[in-house]
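Visitor: Mind looking at a prediction? Sequence and model below.
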2 protein chains.
Amino acid sequence: MVITKFAIPDIIFGSGSLTHLGSCARRLGARRVFFVSDQGLAASGWVDRVLEILDDDHLDCIFYDNVNSNPRDYQVHEGAEIYVREKADVIIALGGGSPMDAAKGIGLIVGNGGRISDYEGANRVEKPLPPMIFIPSTAGSGSDISQFCIITDVERQVKMSIISRTMVPNISVIDPEILLTKSQGLIIASAIDALAHAVESYLSPLSSPFTEIQALRAIELFMANILPAAQNKDPHALHQLSIASTAAGMSFSNAGLGILHSLAHSLGGIYDVLHGMVHPILLPSVMRFNLPSCMDKMARIGSQILGRDEVTPQRTAVAGIDALEKLFQQLNVITSLREVLLDKAYLESICQTATQDACQLTNPRHASWEDLRDICEEAW
Amino acid sequence: MVITKFAIPDIIFGSGSLTHLGSCARRLGARRVFFVSDQGLAASGWVDRVLEILDDDHLDCIFYDNVNSNPRDYQVHEGAEIYVREKADVIIALGGGSPMDAAKGIGLIVGNGGRISDYEGANRVEKPLPPMIFIPSTAGSGSDISQFCIITDVERQVKMSIISRTMVPNISVIDPEILLTKSQGLIIASAIDALAHAVESYLSPLSSPFTEIQALRAIELFMANILPAAQNKDPHALHQLSIASTAAGMSFSNAGLGILHSLAHSLGGIYDVLHGMVHPILLPSVMRFNLPSCMDKMARIGSQILGRDEVTPQRTAVAGIDALEKLFQQLNVITSLREVLLDKAYLESICQTATQDACQLTNPRHASWEDLRDICEEAW
């Protein structure tokens, strides 16, 4: 076995855990917090709730919400300038992947200087970041757990993957109550993102006994809870999906991802396609492409999806993929690439760009740009 | 569900991972390392190996080996004095629980001053410790993962439990090759210590979905690997026991322990009984005592031990305990308290002291000193 690393933040988990935010910040030495979120979370009242908690703890707060989905490089640099000018000392982010990734980028520039594109790739960050506390508002991105930070380079139209131990926040405060205010569509897209993290990281050649157990558990919890969570916002099911997302985050942060995420980053960078929409479209085709290179692991995934084994590993693996496709239809999500991309003419540039993505390196099977194009064609 | 915390160190795991020690220390800013180990590890050559690795990385090193099993308060204070005098900047510990716990105590005094007994109990440490890297030499104590530090107060004849997030080292470097040089007796005692951590923390009222999965996995790995590891030092089995010990550490560090450990600490403090020898003697009786208060969890443990379920949860639970007792006999370990304690007259003071231990608080069933005495009588 190879030598393996496993790193996660401190986790505070449970309904109402948000109320511990002030004491967490104080433990990290906070006096003046830089608080990153977005306008959707402001509208839903959660930003005010955080501001109130920080105020109760007598913590000053600079609020920054100039963050898009697929956060941009210039937003990171603007945030870092304000952080320095306002002499903040701890970063708090509340959001889905976008505010959390923006916050990571801001911390990176505050601690290391330069341009965000200087750090694209794995292990290129040398100096520490300010202390960070993240509060995920969706059960899916795993950014509150992970070493990944995805920022769009606007000029190059590329979603850069920045991967470093320093991108893991100090503390992740996970309060499943926040999920109750999310739309059905966002709950489903986020949960499928978590599923994709679990599947890709389980198949990664960098997976380890520490990550594999978390990936399998995430798949099991996804299957058991996605329908009641999506259909009725069942609080227990949402709670379990939060655990699934956290487990998937522990797995992919340490084992890496694969070509599904290379393609999703490429689609997001060039055409600003929402990350969570890509996975139900491409995941089955990606799993079929990877199948010959990792039959046993694909059978284990199939077994978690189905809750049983078929007569051979191959049948279990294939039946698992089929069951996922049916589930995606039942969830009424988009499953054809043509519905998010208007013209096949874009495919070559998307697939060429994807081959440059860091997630390409941990796919279990080598994929050329033509392979990626064939996957996209299958999902068209 | 209550709000739950989960914190673990960064883990570097695998055969040969020890060679990464120098770069780990550098990442934490080391120039002058304070290295804690014991004479047994010096004799086996592992201390020299660590010194060689640090030297290759041009790191100065102060070596401290005045550490007993059941490390003493004065050893902690002596170590802290030397650390400060020598202007060290990072602590490395290589050992079983004793050198690692001594290193935690040294770091605590360096960072916080005062006497080690000032910090007895939970969450009484306020200031940070120097960066710490631990290298476990046994698969059992879990001290490289955990928030627990156990130091003997010589004057009071008490093993103090100091429990704090700050006791978790920054990095745990787990190299299963070190286990190959251990005696059969030590391998067995350490593995049963890990099993005891898993069982007690699984039953703790503070257990969470994040700890329970680790506890169950530790029990499963223990059962599958203890015989080949003990009988033939099978490298794969030792490797799996390292994972079991790490998983059990993640569980008990965050969920706490119970009356088995209260009693073990008391026996170790007053009569210097080796920690690992106590568990096979008392674990079955403790499990029987706890059974009525947590039948479902005990059945789940029984199921992991047996690899199957009996017709009722109670039968599964009881059959699990019986199977453990048989296994301990097969492993040829001491299973009667009278073989380590000469006179029943000592029982009252041992059990009275145990009721003051911090582990008492997280037992699933309240236990008076008389209850503890009855448990000891059953195991006599």
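Guide: Alright, I've got the coordinates.
Visitor: residues in chain A within reach of chain B, list them.
Guide: A:1-8, A:10-17, A:20, A:165, A:208-210, A:213, A:217, A:239, A:243, A:246 (C-beta under 8 Å from any C-beta of the partner chain). Heads up, the C-betas are built off the backbone N, CA and C, glycines and all.
Visitor: Show me which helix runs longest in chain A.
Guide: Assignment by DSSP state H gives helix A:209-232 as the longest helix of chain A.
Visitor: okay, the angle between that helix and helix B:209-232?
Guide: Put simply, helix A:209-232 runs at 150 degrees to helix B:209-232, going by axes from the mean of the first three to the mean of the last three C-alpha atoms, to 10 degrees.
Visitor: what's the average pLDDT for the following helix or strand past helix A:209-232?
Guide: Once helix A:209-232 ends, the next helix or strand along the chain (criterion: DSSP states H and E) is helix A:235-255. For helix A:235-255, mean pLDDT rounds to 96.
Visitor: still on that earlier bit, the longest helix of chain A - contacts with which helices or strands?
Guide: strand A:4-6, helix A:184-203, helix A:235-255, helix A:295-306, helix B:209-232, helix B:235-255 (3 or more C-beta pairs under 8 Å, 6 or more residues apart in numbering or on different chains; DSSP states H and E).
Visitor: switch the cut-off to 7 Å
Guide: strand A:4-6, helix A:184-203, helix A:235-255, helix A:295-306, helix B:209-232 (3 or more C-beta pairs under 7 Å, 6 or more residues apart in numbering or on different chains; DSSP states H and E).
Visitor: Count the neighbours of residue A:231 for me.
Guide: Per other C-beta atoms under 10 Å in any protein chain shown, the neighbour tally for residue A:231 reads 13.
Visitor: And for the nearest residue in space to it that is not next to it in sequence, the neighbour number?
Guide: Of all residues not flanking residue A:231 in the chain, residue A:184 sits nearest, at 8.0 Å (C-beta to C-beta, 6 or more residues apart in numbering or on different chains). By other C-beta under 10 Å, the residues close to residue A:184 number 14.
Visitor: okay, the closest residue to chain B within the stretch 51-200 of chain A: pLDDT?
Guide: Chain B sits closest to residue A:165 of the stretch 51-200 of chain A, with a gap of 7.3 Å, by C-beta to the nearest C-beta. Here the pLDDT value assigned to residue A:165 is 93.
Visitor: just checking, it touches residue A:146?
Guide: No. Judged on C-beta atoms under 7 Å, residue A:165 makes no contact with residue A:146 at a distance of 10.6 Å.
Visitor: Show me the shaky parts of the stretch 1-150 of chain A.
Guide: The stretch 1-150 of chain A contains residues with pLDDT under 70 at A:1.
Visitor: residue contacts, the residue of the stretch 251-380 of chain A found nearest chain B?
Guide: Nearest to chain B in the stretch 251-380 of chain A, going by C-beta to the nearest C-beta, is residue A:254, at a distance of 9.1 Å. Listed by C-beta atoms under 7 Å, 6 or more residues apart in numbering or on different chains, the contact partners of residue A:254 are A:5, A:6, A:7, A:210, A:211.
Visitor: Need the pLDDT of the last one.
Guide: Read that as residue A:211. Residue A:211 is assigned 97 on the pLDDT scale.
Visitor: Pull up the gap between it and chain B, please.
Guide: Counting by C-beta to the nearest C-beta, to the nearest Å, the separation of residue A:211 from chain B is 11 Å.
Visitor: if I look at residue A:85, how far off is residue A:287?
Guide: 48 Å (C-beta to C-beta, to the nearest Å).
Visitor: before we move on, back to that, how about the helices and strands packed on helix A:209-232, which one is nearest residue A:29?
Guide: With C-beta to C-beta as the criterion, residue A:29 lies closest to helix A:235-255 of the helices and strands packed on helix A:209-232, at 24.7 Å.
Visitor: Report the residue spans of the stretch 151-300 of chain A with pLDDT below the cut-off.
Guide: Along the stretch 151-300 of chain A, the model assigns pLDDT under 70 to no residue.
Visitor: Recalculate using a threshold of 90.
Guide: Scanning the stretch 151-300 of chain A for pLDDT under 90 picks out the ranges A:156-159, A:179-182, A:267-277.
Visitor: List the buried residues of stretch A:325-338.
Guide: For stretch A:325-338, the neighbour count (16 or more other C-beta atoms under 10 Å in any protein chain shown) marks A:327, A:328, A:331, A:333, A:335, A:337 as buried.
Visitor: pLDDT added to those, as TSV?
Guide: Below are these laid out as TSV (pLDDT from 0 to 100):
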residue	pLDDT
A:327	97
A:328	97
A:331	95
A:333	94
A:335	94
A:337	94
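Visitor: and which of those residues is nearest to residue A:89?
Guide: Taking C-beta to C-beta as the measure, residue A:89 sits nearest to residue A:333 out of the buried residues of stretch A:325-338, at 41.6 Å.
Visitor: coming back round to it: number of nearby residues for the residue of the stretch 51-200 of chain A closest to chain B?
Guide: Close neighbours of residue A:165, defined as other C-beta under 10 Å, add up to 14.
Visitor: and it, what does it touch?
Guide: Here residue A:165 is in contact with A:7, A:147 (C-beta under 7 Å, 6+ apart).
Visitor: and the residue nearest to residue A:207 when sequence neighbours are not counted, how many neighbours?
Guide: In this structure, residue A:207 finds its nearest non-sequential neighbour in residue A:255, 4.3 Å apart by C-beta to C-beta, 6+ apart. Residues lying near residue A:255 (other C-beta under 10 Å) number 27.
Visitor: List the contacts of residue A:255.
Guide: By C-beta under 7 Å, 6+ apart, the contact set of residue A:255 is A:201, A:204, A:206, A:207, A:208, A:211.
Visitor: Now the buried members of those residues.
Guide: Buried members of the contacts of residue A:255, scored by 16+ other C-beta under 10 Å, are A:201, A:204, A:207, A:208, A:211.
Visitor: Report the secondary structure state of the third one.
Guide: Right, residue A:207. coil (DSSP: H, G, I helix; E, B strand; the rest coil).
Visitor: Got the domain ranges for chain A?
Guide: If you go by the TED database, the domain ranges for chain A are A:10-177, A:184-379.
Visitor: What's the end-to-end length of the last one?
Guide: Using C-alpha to C-alpha, to the nearest Å, the span of domain A:184-379 from its first residue to its last is 24 Å.
Visitor: Kindly provide the distance from the residue positioned nearest the centre of chain A to residue A:149.
Guide: Nearest to the mean C-alpha position of chain A, by C-alpha atoms, centre = their mean, lies residue A:141 at 2.7 Å. The gap separating residue A:141 from residue A:149 is 11 Å, by C-beta to C-beta.
Visitor: And for residue A:185?
Guide: In terms of C-beta to C-beta, residue A:185 sits 25 Å off from residue A:149.
Visitor: The residue nearest to residue A:163 when sequence neighbours are not counted: neighbour count?
Guide: Leaving aside its sequence neighbours, residue A:163 sits nearest to residue A:122 (C-beta to C-beta, 6+ apart; 4.4 Å). Using other C-beta under 10 Å, residue A:122 is surrounded by 16 other residues.
Visitor: which ones are touching residue A:352?
Guide: Contacts of residue A:352 (C-beta under 7 Å, 6+ apart): residue A:369.
Visitor: Please read off the pLDDT at it from the model.
Guide: 95.
Visitor: Tell me which helix or strand it sits in.
Guide: Counting by DSSP H and E, the element that carries residue A:352 is helix A:347-354.
Visitor: buried stuff in that helix?
Guide: For helix A:347-354, a neighbour-count test (16+ other C-beta under 10 Å) marks A:347, A:350, A:351, A:353, A:354 as buried.
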